[in-house]
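>>> Using only what follows, build the 3D model:
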Amino acid sequence: RLSHFSHPSRLTDPREEMKVPLLSLLVVARIKWSHSLASTNKKLPRLSKSIPSFGSSGGEHGGNATMKNNQLIDINVQTKVQTVLTYNPDLDRYVATSGPRRTYFRRHIKSLFIPQGVSPDYYNFIIWRIIQRYVNAILQVFGTQSLLLALGKKSSLTQAAALNWILKDTLGKLTRLIYGSLTSNKLDADAKRWRFRGSLLFALGNFLEIITFIFPRCFLLLGTVANSLKQMSMLTSSATRNTILSNFSVRGNMADITAKGEAQIAIVDLLGIFCGIKISKAVGINKFTNIIFVYATLQVLELVCMYKQISSVVFRRMNFERLWLVTNIFLDHKVSPTPEEICESERVFLPPDHLSRRSVAFGSLSRANLAPDELTDLQKIFSGEKYIIIVGQNRKKKSIFTKNPASDNCHIVLHAEANNEDIVKSTLNLAILRRKLESEDDIRRSRNSLLLLEKSKKECDEMFEVYMSSLDESRWKTEFLFGRCSMRSIWPLRLP
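Just a heads-up that it's a prediction; the model follows:
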């Protein structure tokens with residue numbers, strides 16, 4: 001089991017580096033021997049460094065013994081809680097000495113709300129998340145207050161008011177069902193952008209709830225649309241949560257991260273609701289302009305916090321947008337950027353660049369003009385590969401206003417058996433070919449681009465292994481989030 005720590009890349013947490021394992025284990029195993037030495041006034045060797053746990057939970061109890069300032073100490077390597085041990089002659093064993101209550105309380109409160117074994121970007125993420133949820137809880141107080149006031153204005157009958165409220169929630173649930181069926185296969189590959197889009201939908205829903213107070217006769221319409229937008233936002237949030245949180249896990253402790261996150265949000269929501277009630281009482285309901293001003297200020301603050309929160313997440317798994325950015329930087333500098341560097345340039349609000357879109361890079365055999373003799377030539381060039389690249393203008397989606405550049409008029413066709421490695425190699429090949437096509441003014445097709453296709457394929461073969469090694473050195477994970485590349489083709493695979 002010590003081999004788990006024999007290579008730096010296998011360390012799950014750099015703070016848990018093994019420092020003096022053999023000597024420390026002797027101290028743990030021979031407590032009575034250490035007591036006998038103490039009774040004869042002999043000093044034990046001073047060990048200032050502790051042993052990390054050999055498992056994900058730090059052994060049976062996550063604790064190890066070490067020496068500090070000639071004191072024997074138990075340390076939990078996950079929570080970093082240290083307990084001084086002293087010998088009790090009556091019990092004939094070492095017992096724990098309670099430390100300062102303030103330190104003990106602080107460490108245990110931290111262990112309740114902060115998970116262990118997370119990546120460094122988790123802490124920036126959770127700070128902005130706490131602020132965002134706090135402001136969101138205040139906003140929901142104003143939204144619910146406006147709905148209730150509007151419902152009271154519209155009808156004084158309890159039965160009619162309850163019916164309107166039920167219809168609003170029912171139609172919102174139906175909208176959530178339809179929205180989920182349309183977007184479920186897109187969320188994993190683009191979790192950041194979809195999560196921020198969900199926050200915008202929630203903000204719009206809050207606004208519609210606020211204005212129901214002005215238009216109580218439109219309560220059912222405004223309330224239904226507002227609830228539908230919020231249901232769509234909540235679906236997006238819950239669907240992308242695991243993708244985002246799993247990115248922080250360095251020990252496979254997803255349950256711990258999720259549970260601590262729910263504990264954080266529960267406390268913050270309660271504080272936000274309490275603060276929202278106090279602010280609502282201070283603002284009052286007589287001047288609606290005051291309510292709008294407070295709402296607008298808080299809503300802008302919440303969106304800023306959400307943007308900061310999502311931007312702080314450093315994804316170490318690639319979607320196609322990240323892969324395209326990394327590939328182009330590698331072709332320029334022969335070195336792959338790190339996930340932290342890509343995070344700084346990754347878009348959250350705006351859509352990806354045109355050439356960075358998966359729908360532009362991948363297509364079918366029928367997307368461009370292609371004759372049987374051209375297909376045969378392409379199969380020869382890409383023999384042994386589970387992809388081919390076709391040069392030609394997109395005949396399915398023609399641009400009416402602008403003429404697509406030559407570098408845009410090529411796309412990848414994946415074989416039905418293509419895997420993630422084939423997708424990475426085909427993307428590298430496509431990036432090389434697009435650069436060669438940039439100098440071309442005319443719109444080419446495959447039959448008069450065979451030489452360019454051969455050259456780009458040869459260059460791709462020469463640098464592919466170097467490229468994969470560069471990705472590994474830059475700490476990119478081998479799992480990829482390319483989303484749905486469902487349009488594939490089947491053709492006889494040939495040996496190179």
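>>> tell me the contacts of residue 379?
If you count contacts by CB atoms under 8 Å, 6 or more residues apart in numbering, residue 379 has them with 388, 491, 492, 494. Backbone N, C-alpha and C define where each C-beta goes, glycine included.
>>> Can you give the distance of stretch 285-296 from its chain's centre?
36 Å (CA atoms, centre = their mean, to the nearest Å).
>>> how about low-confidence regions in the stretch 351-496 of the chain?
396-406, 441-443, 478, 480-486, 495-496 (pLDDT under 70).
>>> Give me the distance between residue 232 and residue 183.
9 Å (CB to CB, to the nearest Å).
>>> More neighbours: the two, which one.
residue 232 (22 against 16; other CB atoms under 10 Å).
>>> Figure out how far the strand or helix carrying the more buried one is from the centre of its chain.
Assessed by DSSP states H and E, residue 232 sits inside helix 219-246. Centroid displacement of helix 219-246 relative to its chain, using CA atoms, centre = their mean, is 18 Å.
>>> so where do the helices sit in the stretch 351-496 of the chain?
Counting by DSSP state H, counting those that start in this stretch, the stretch 351-496 of the chain has helices at residues 358-361, 372-381, 420-437, 450-473.
>>> Point out the most buried one among these.
helix 420-437 (a mean of 20; mean count of other CB atoms under 10 Å).
>>> elements contacting that helix?
For helix 420-437, the packing partners by 3 or more CB pairs under 8 Å, 6 or more residues apart in numbering; DSSP states H and E come out as helix 320-333, strand 387-391, strand 410-415, helix 450-473.
>>> Sketch out the helices for the stretch 51-200 of the chain, chain order is fine.
Secondary structure of the stretch 51-200 of the chain, counting by DSSP H, counting those that start in this stretch: helices at 101-113, 121-154, 158-183, 191-211.
>>> Make TSV from the ones you listed and add mean pLDDT to it.
Formatted as TSV, those follow (pLDDT from 0 to 100):
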stretch	mean pLDDT
helix 101-113	62
helix 121-154	82
helix 158-183	72
helix 191-211	91
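>>> Among these, which comes closest to residue 432?
Comparing the helices of the stretch 51-200 of the chain by their distance to residue 432 (CB to CB), the top pick is helix 191-211, with 27.3 Å.
>>> list the buried ones in that closest one?
191-199, 201-211 (16 or more other CB atoms under 10 Å).
>>> for stretch 259-271, same thing?
Quick answer for stretch 259-271 (16+ other CB under 10 Å): 260, 261, 264, 265, 268.
>>> if we look at that stretch, which residues are touching it?
112, 113, 114, 115, 126, 129, 130, 133, 134, 137, 245.
>>> do that again at 6 Å, thanks
113, 115, 130, 133, 134, 137 (CB atoms under 6 Å, 6 or more residues apart in numbering).
>>> Return the distance of it from the chain's centre.
19 Å.
>>> And stretch 416-430, by the same measure?
For stretch 416-430, the distance to the chain centre is 23 Å (CA atoms, centre = their mean).
>>> swap in stretch 118-136?
For stretch 118-136, the distance to the chain centre is 13 Å (CA atoms, centre = their mean).
>>> Would you mark the buried spots in it?
Neighbour-count burial for stretch 118-136 [16+ other CB under 10 Å]: 118-119, 121-122, 125-126, 128-136.
>>> Identify, from those residues, the entry nearest to residue 439.
residue 121 (40.2 Å).
>>> which non-adjacent residue is nearest that closest one?
In space, residue 121 comes closest to residue 314 once its chain neighbours are excluded; the distance is 4.4 Å by CB to CB, 6 or more residues apart in numbering.
>>> and the gap between the closest residue in space to residue 137 that isn't next to it in sequence and residue 266?
Counting by CB to CB, 6+ apart, residue 137 lies nearest to residue 272, which is 2.5 Å off, once chain neighbours are set aside. Separation of residue 272 from residue 266 (CB to CB) stands at 11 Å.
>>> what are the phi and psi values for residue 313?
Here is the backbone geometry of residue 313 (degrees, to the nearest 10): phi -80, psi 120.
>>> per-residue confidence at it?
pLDDT, residue 313: 90.
>>> Count the residues that sit near it.
For residue 313, the count of nearby residues is 22 (other CB under 10 Å).
>>> List the contacts of it.
Neighbours of residue 313 in contact, by CB under 6 Å, 6+ apart: 125, 244.
>>> still on that earlier bit, and the average pLDDT for the helix holding residue 232 is what?
On average, helix 219-246 scores 87.
>>> What are the buried residues along that helix?
219-220, 222-237, 239-240, 243-245.
>>> the inter-axis angle of the helix or strand that that helix is followed by versus helix 219-246?
Reading on from helix 219-246 to the C-terminus, the next helix or strand found by DSSP H and E is helix 254-283. Going by axes from the mean of the first three to the mean of the last three CA atoms, to 10 degrees, helix 254-283 is angled at 140 degrees with respect to helix 219-246.
>>> Can you tell me the closest non-neighbouring residue to residue 131?
Sequence neighbours aside, residue 305 is the residue nearest to residue 131 in space, at 4.8 Å (criterion: CB to CB, 6+ apart).
>>> Determine whether the claim that that neighbour is in a helix is correct.
Yes - counting by DSSP: H, G, I helix; E, B strand; the rest coil, residue 305 is part of a helix.
>>> check contacts around it.
Counting by CB under 6 Å, 6+ apart, the residues that residue 305 touches are 128, 131, 132.
>>> repeat that with 8 Å
Residues in contact with residue 305 (CB under 8 Å, 6+ apart) are 128, 129, 131, 132, 135.
>>> how far away is the third one from residue 234?
Put plainly, it is residue 131. Distance, residue 131 to residue 234, using CB to CB: 19 Å.
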